[in-house]
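J.: No sequence on hand, only this structure:
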Ligand SMILES: Nc1ncnc2c1ncn2[C@@H]1O[C@H](COP(=O)(O)OP(=O)(O)OP(=O)(O)O)[C@@H](O)[C@H]1O
């Protein structure tokens with residue numbers, strides 16, 4: 001482009017800009033803007049509060065006194081129904097007529113000089129009042145049963161649990177049934193007026209309780225619960241949701257709100273006692289399904305498998321990634337089930353079903369290391385497969401522990417890479433000093449995973465992936481490791497049949513390197529054991545991954561671990577900070593002690 005052309009273009013631009021700036025409409029717009037700004041600064045005060053009356057007087061005056069065309073036109077304009085309606089709305093807003101006026105205190109109440117009465121007027125909105133009522137069995141009076149935290153009744157601070165309702169909107173409640181009250185409330189327009197006999201004087205009001213947060217360990221849907229006192233006043237939640245308990249006074253129904261919603265309204269949730277009672281009624285059916293029992297095999301007393309060449313199966317060999325020392329191999333299902341029953345029959349004969357676990361928010365320091373990731377699941381479900389994929393996906397980020405053994409080192413092996421090779425004496429000293437998370441014997445040799453080896457991986461700044469039997473989680477269940485426990489769950493049997501058609505797994509039989517495809521019985525056992533693990537240790541799980549399609553399961557696991565790692569606030573079990581038996585917090589005592 002020549003110099004001359006570019007100069008001409010610029011001149012054209014200037015001309016265009018000049019014409020825009022000189023545009024009358026633009027100037028008017030600026031003026032309106034300035035007026036609005038000035039008006040905004042002054043505050044929205046109406047010039048007159050009775051514009052409708054003024055307009056009607058003017059219309060009358062114009063009609064009778066002036067005969068000019070313009071005057072008649074103006075009179076016709078301001079007499080039009082739309083214009084009158086518009087001015088009446090203006091007046092209502094100017095007079096703030098939209099706020100319902102509270103009625104004067106009835107004379108009768110003043111005369112009675114009975115200070116135990118209280119008249120409470122609440123502005124009626126679309127939101128329910130957030131209270132439930134019941135009939136007091138001994139006096140027959142209608143009393144406030146519960147006030148939902150965060151609801152209008154609660155926010156007013158004027159109505160409390162136990163208050164007796166004498167009147168609603170001037171209608172006496174004597175001889176009335178609780179179910180008649182909603183229709184009385186529905187009749188009122190702008191406000192609801194209660195005459196109340198307060199349950200407490202101001203001095204007697206219960207103090208605010210400290211905040212209690214819990215992680216729900218079961219799903220709850222009030223829509224499916226025929227026993228909930230009021231479905232609308234209840235809160236639905238899913239396993240794993242963090243709830244804030246705002247009232248634990250009632251033996252059967254607590255009040256809680258979802259943590260994720262910030263200041264959401266509280267509602268009813270089953271108390272742990274209630275949930276446990278309910279589960280106890282279904283327990284024989286739900287918990288211990290009859291399972292196939294085979295005679296115990298004496299040769300398998302110490303069911304540790306070692307030295308399976310994982311690389312031979314998967315085509316990939318990673319130091320430290322070999323079959324774990326989880327007790328409970330394929331052929332030990334019977335012993336596994338027996339062990340499960342032993343856990344379930346504690347001192348009191350049975351383990352209560354998990355309900356809620358107290359958690360506390362833990363703000364991460366940027367200096368803090370990663371949390372330990374514990375992967376658990378029934379044998380063959382794919383714990384190793386997922387672990388392997390994580391390691392391959394990011395070897396700098398994920399790491400696994402190096403196991404200990406008392407067997408001879410082989411030529412191709414290196415100390416501290418494949419194993420820590422220990423003498424029997426040294427190994428037994430480790431056992432005595434409780435340094436193993438789990439250990440066992442196979443073929444005359446000890447094998448084990450130590451707590452120190454977890455520390456080593458964590459100290460390298462890596463996410464340590466630990467694969468243990470769920471009964472061993474407690475060895476690392478502390479603030480030091482902050483374990484994030486992932487339960488790998490099998491999908492339904494139909495999906496297992498489809499997805500594992502070609503999968504081979506290591507069977508724990510005489511020939512330790514033997515691999516074979518899954519049988520129908522393997523699938524059934526896997527599902528049964530998963531159910532037992534969930535029932536007995538579900539309260540320790542932070543995440544459940546269903547391993548149907550392995551790619552999807554891996555993607556979900558990886559994304560979840562990343563989310564946890566980046567989360568500013570971690571919801572950790574309160575017992576890591578205040579152990580149940582000694583803690584001073586009253587709330588911990590209510591829920592503590594699951595392990
Ligand atoms: N979702 C899946 N779809 C198909 N095959 C799978 C899936 N998950 C795992 N597998 C395969 O199933 C076999 C057993 O998996 P894996 O060894 O990971 O089980 P595991 O839970 O670690 O059991 P164990 O503790 O007994 O070793 C492997 O061949 C693995 O590749």
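T.: Looks like it came in fine. Small disclaimer: the values here were computed from a predicted structure and weren't measured.

J.: low-confidence ranges in the stretch 351-500 of the chain?
T.: Applying pLDDT under 70 to the stretch 351-500 of the chain picks out residues 351.

J.: what does it put close to the ligand?
T.: 377, 379, 380, 381, 382, 383, 384, 385, 499, 500 (Cβ under 6 Å from any ligand atom). All C-beta atoms are positioned from the backbone trio N, CA, C, and that covers glycine.

J.: which ones among those are found in helices?
T.: In this view, these that belong to helices under DSSP state H are 383, 384, 385, 499.

J.: okay if I get those residues as a markdown table plus neighbour count?
T.: Output for those, formatted as a markdown table (neighbours: other Cβ atoms under 10 Å):
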| residue | neighbour count |
| --- | --- |
| 383 | 24 |
| 384 | 25 |
| 385 | 18 |
| 499 | 18 |
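
J.: Columns distance to residue 194 on top of those, output as CSV?
T.: Output for those, formatted as CSV (distance: Cβ to Cβ, whole Å):
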residue, distance to residue 194
383, 59
384, 64
385, 63
499, 61
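
J.: between these, which is nearest residue 484?
T.: Checking these against residue 484 by Cβ to Cβ gives residue 383 as the nearest, at 14.6 Å.

J.: where does stretch 271-278 sit relative to the chain's centre, distance-wise?
T.: 20 Å (Cα atoms, centre = their mean, to the nearest Å).

J.: wait, stretch 488-499
T.: 27 Å.

J.: for that stretch, which positions count as buried?
T.: Buried residues in stretch 488-499, counting neighbours by 16 or more other Cβ atoms under 10 Å, are found at 488, 489, 490, 491, 496, 499.

J.: Let me know the closest of those residues to the ligand.
T.: Relative to the ligand, the closest of these is residue 499; by Cβ to the nearest ligand atom it sits at 3.9 Å.

J.: can you pull the contacts of the closest one?
T.: Residues counted as contacts of residue 499 (Cβ atoms under 8 Å, 6 or more residues apart in numbering) are 491, 548, 549, 550.

J.: if we take these, which one ends up nearest to the ligand?
T.: The closest of the contacts of residue 499 to the ligand turns out to be residue 550 (Cβ to the nearest ligand atom; 3.3 Å).

J.: Tell me the pLDDT of the closest one.
T.: Per-residue pLDDT puts residue 550 at 96.

J.: so it makes contact with residue 385?
T.: Yes. With contacts defined as Cβ atoms under 8 Å, residue 550 counts as touching residue 385 at a distance of 6.2 Å.

J.: ok, how many other residues are close to residue 121?
T.: Using other Cβ atoms under 10 Å, residue 121 has 18 neighbouring residues.

J.: Would it be right to say that it lies in a strand?
T.: Yes. Under DSSP: H, G, I helix; E, B strand; the rest coil, residue 121 falls within a strand.

J.: those strands in the stretch 151-300 of the chain, which residues are they?
T.: Counting by DSSP state E, counting those that start in this stretch, the stretch 151-300 of the chain has strands at residues 164-168, 171-172, 191-197, 212-216, 242-247, 253-258, 267-270.

J.: Which secondary structure elements does the fifth one sit against?
T.: Pointing back at strand 242-247 there. Here strand 242-247 touches strand 212-216, strand 253-258, strand 356-363, going by 3 or more Cβ pairs under 8 Å, 6 or more residues apart in numbering; DSSP states H and E.

J.: where does the chain have low pLDDT?
T.: Along the chain, segments meeting pLDDT under 70 span 1-3, 43-44, 66, 96-116, 200-210, 261-264, 283-351, 507-513, 579-595.

J.: Can you spell out the domain ranges of it, please?
T.: In terms of domains, the chain is parsed into 51-94, 118-197, 212-281, 366-397+462-568, 402-461 (source: the TED database).

J.: Can you tell me which residues in the chain are near the ligand?
T.: Residues of the chain found near the ligand (Cβ under 6 Å from any ligand atom) are 323-324, 326, 377, 379-385, 499-500, 503-505, 547, 550, 553.

J.: Show the buried residues in these.
T.: Neighbour-count burial (16+ other Cβ under 10 Å) applied to the residues of the chain next to the ligand gives 323-324, 326, 377, 379-385, 499-500, 505, 547, 553.

J.: for those residues, which one is nearest residue 265?
T.: Checking these against residue 265 by Cβ to Cβ gives residue 553 as the nearest, at 36.3 Å.

J.: Could you say which helix or strand holds the closest one?
T.: helix 550-566 (DSSP states H and E).

J.: Quick one: residues in contact with that helix.
T.: 370-371, 373, 382, 385-386, 389-390, 393, 463, 484, 486, 488, 499, 542-543, 545-547, 570.

J.: Could you give me the buried positions within stretch 63-83?
T.: 74, 75, 78, 79.

J.: any idea how far residue 132 is from residue 247?
T.: 12 Å (Cβ to Cβ, to the nearest Å).

J.: Please enumerate the shared neighbours of these two.
T.: Residues within reach of residue 247 and of residue 132 at once, by Cβ under 8 Å, 6+ apart, are residue 146.

J.: quick one, what contacts the residue nearest to the spatial centre of the chain?
T.: With distances taken as Cα atoms, centre = their mean, residue 241 lies nearest the centre of the chain, 2.2 Å away. By Cβ under 8 Å, 6+ apart, residue 241 lies in contact with 215, 216, 258, 259, 260.

J.: Show the contacting residues for residue 487.
T.: 376, 377, 470, 533, 534, 537, 538, 541, 543, 544, 545.

J.: Nearest to the ligand among those?
T.: Set against the ligand, the nearest of those by Cβ to the nearest ligand atom is residue 377 (5.4 Å).

J.: My read is that that closest one contacts residue 491, right?
T.: No. The pair residue 377 / residue 491 is not scored as a contact, 12.0 Å apart, by Cβ under 8 Å.

J.: one step back: take the domains of the chain and write them to TSV, including distance to residue 31.
T.: Output for the domains of the chain, formatted as TSV (distance: least, Cβ to Cβ, whole Å):
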stretch	distance to residue 31
domain 51-94	24
domain 118-197	40
domain 212-281	43
domain 366-397+462-568	49
domain 402-461	64
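
J.: which one of these lies closest to residue 356?
T.: domain 212-281 (3.7 Å).

J.: Give me the distance between the two termini of that closest one.
T.: End-to-end distance of domain 212-281 (Cα to Cα, to the nearest Å): 28 Å.

J.: again with stretch 362-372
T.: End-to-end distance for stretch 362-372: 15 Å, by Cα to Cα.

J.: list the buried ones in that stretch?
T.: Residues of stretch 362-372 classed as buried by neighbour count (16+ other Cβ under 10 Å): 362, 369, 370, 371, 372.

J.: and which of those is nearest the ligand?
T.: Scanning the buried residues of stretch 362-372 for proximity to the ligand, where the rule is Cβ to the nearest ligand atom, the winner is residue 372, at 18.0 Å.
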